[in-house]
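Peer 1: Pasted the sequence and its predicted model underneath.
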Amino acid sequence: MQMQTHWVDGHVDLAYIALGGRDILQKCTARQDECISIPDLNKGHVKTIAGTIYTSPEDHILGYKKDDSNDAFLQGKKQLDLYLDLHKQGHIQLLHAKQLVNNSSSLEVLLLMEGADPIRNIDDVSWWYNRGLRIVGLTWSTGTRYAGGNDCTHGLTDEGKALVQTLDAHDMLHDASHLSVQSFEDLVSCTDRVIIASHSNSRNVLQSDSQRNLLDEQAKEIFKRGGVIGLNLCTMFLSKTFSDTSQTATIDDCVEHIFHLCDLAGNRNQIALGSDFDGGFTPKHLPIGLKHPSQLPYLLDRLQEQGFDENELHSFAHGAWERLYENQFSGVQNQPV
Ligand SMILES: [Zn+2]
């Protein structure tokens, strides 16, 4: 029997999807090409998402001139403004600080920056914080002024190290997804705070050399600090046999990543969902049987068959992120939207 529960998704590029031209207030109709809109998230009982402000110099929608921090700021602000408008119109509830655990009926969104170039300098951190930003990943794959990404070999720059200190002073969460191995090491030595990976899987399970997913030692460091890892549902990061001609992954692939990560954690309370639904890939690249948020309960069914108890299932669906957000942010002074 399918368990009824709500979900918290640790990584959804909602603004990116909207600025790419989709009407996110309407249900998706071309289901082979898209699965994310506010009604589709509601249908899947996704109550809360970490909604991204994603930028990269190369992106065709939200690109900016490399090394031009003002241009990057404007691209990031465009996404922030979109979230603020959705909030004002009542379509979403932007969450920050003491509003984190509430019972709003609209989709709750906690802001996560994926690629920190829109933070022009450390003096900008308060500006972003005051508008709700609570989680920051220093870079996307190709690197920023602050850090090398998973397509790079270098680590944090001096500006990046200074930014980490300022993020800590604001009690922001660090997101390690997309960091190069060197950047991860540098981050770990710059801060003793909680680190998460909002949308990354196990490199060991994938038997891959790509820095995009987590080494066992990296996952252990995240768990040791009380962080959470969000399972990415992109086939490329799930299936050991992924190729452009064979794009399928299965729910069993998801379960294998989850169990491996739980073994590293020594518990089943620090793994959750970080779907990345429609984040630069289509449902064709989602696992068989998980092509839409409403199909997420099938993943719980399989975890239950494999021995997850009810508390562990609730933790995966929502509890792990909720506990973390509450612990991290509940004592922080609330700010107006
Ligand atoms: Zn990403």
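Peer 2: The structure has been received and is ready for your questions.
Peer 1: Just the helices from the chain, written as ranges.
Peer 2: 14-19, 38-43, 69-88, 124-130, 158-169, 181-190, 203-206, 216-224, 251-265, 296-305, 310-314, 320-329 (DSSP state H).
Peer 1: Tell me which of these sits most buried.
Peer 2: Among the helices of the chain, the stretch with the highest mean neighbour count (mean count of other Cβ atoms under 10 Å) is helix 14-19, at a mean of 23. Bear in mind the C-beta positions are built from the backbone N, C-alpha and C, glycine included.
Peer 1: Quick check: mean pLDDT of that one?
Peer 2: Regarding helix 14-19, the rounded mean pLDDT is 96.
Peer 1: Which among the helices of the chain is found nearest to T5?
Peer 2: Ranking those by proximity to T5 (Cβ to Cβ) places helix 310-314 first, at 5.9 Å.
Peer 1: Name the residues that touch that closest one?
Peer 2: Outside helix 310-314, the residues that touch it by Cβ atoms under 8 Å, 6 or more residues apart in numbering are M3, T5, R268, N269, L300, L303, Q304, G319.
Peer 1: Tell me how far it lies from the chain's centre.
Peer 2: 21 Å (Cα atoms, centre = their mean, to the nearest Å).
Peer 1: ok, now stretch 111-125?
Peer 2: Relative to its chain's centre, stretch 111-125 lies at 16 Å (Cα atoms, centre = their mean).
Peer 1: CA atoms only: put it into CSV for me.
Peer 2: These are the backbone C-alpha positions of stretch 111-125, laid out as CSV (Å, rounded to 0.1, in the frame of the first residue of the first chain):
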residue,chain,number,x,y,z
LEU,A,111,16.1,30.2,-1.9
LEU,A,112,19.3,28.3,-2.9
MET,A,113,22.0,30.0,-5.0
GLU,A,114,23.7,27.6,-7.5
GLY,A,115,26.8,29.4,-8.6
ALA,A,116,27.7,32.4,-6.4
ASP,A,117,28.8,35.0,-9.0
PRO,A,118,25.6,37.0,-8.5
ILE,A,119,27.1,37.9,-5.1
ARG,A,120,29.3,40.7,-6.4
ASN,A,121,31.4,40.9,-3.2
ILE,A,122,31.1,40.0,0.4
ASP,A,123,29.2,43.2,1.1
ASP,A,124,26.4,41.8,-1.1
VAL,A,125,25.8,38.9,1.2
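Peer 1: Show me which positions of that stretch end up buried.
Peer 2: L111, L112, M113, E114, G115, A116, D117, P118, I119, R120, D124, V125 (16 or more other Cβ atoms under 10 Å).
Peer 1: Now, those that are in strands?
Peer 2: Of the positions in the buried residues of stretch 111-125, L111, L112, M113, E114 sit in strands, assigned by DSSP state E.
Peer 1: With distance to S294 and pLDDT added, can I get those residues in CSV?
Peer 2: Output for those, formatted as CSV (distance: Cβ to Cβ, whole Å; pLDDT from 0 to 100):
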residue, distance to S294, pLDDT
L111, 25, 97
L112, 23, 98
M113, 28, 98
E114, 25, 98
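Peer 1: okay, those in TSV with distance to P57 next?
Peer 2: Listed next are those as TSV, based on distance: Cβ to Cβ, whole Å:
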residue	distance to P57
L111	21
L112	19
M113	15
E114	13
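Peer 1: State the pair within those that is farthest apart.
Peer 2: Top of the distance list for those (Cβ to Cβ): L111 and E114, 10.5 Å.
Peer 1: Need the residues touching each of the two.
Peer 2: Joint contacts of L111 and E114 (Cβ under 8 Å, 6+ apart) are T52, I53.
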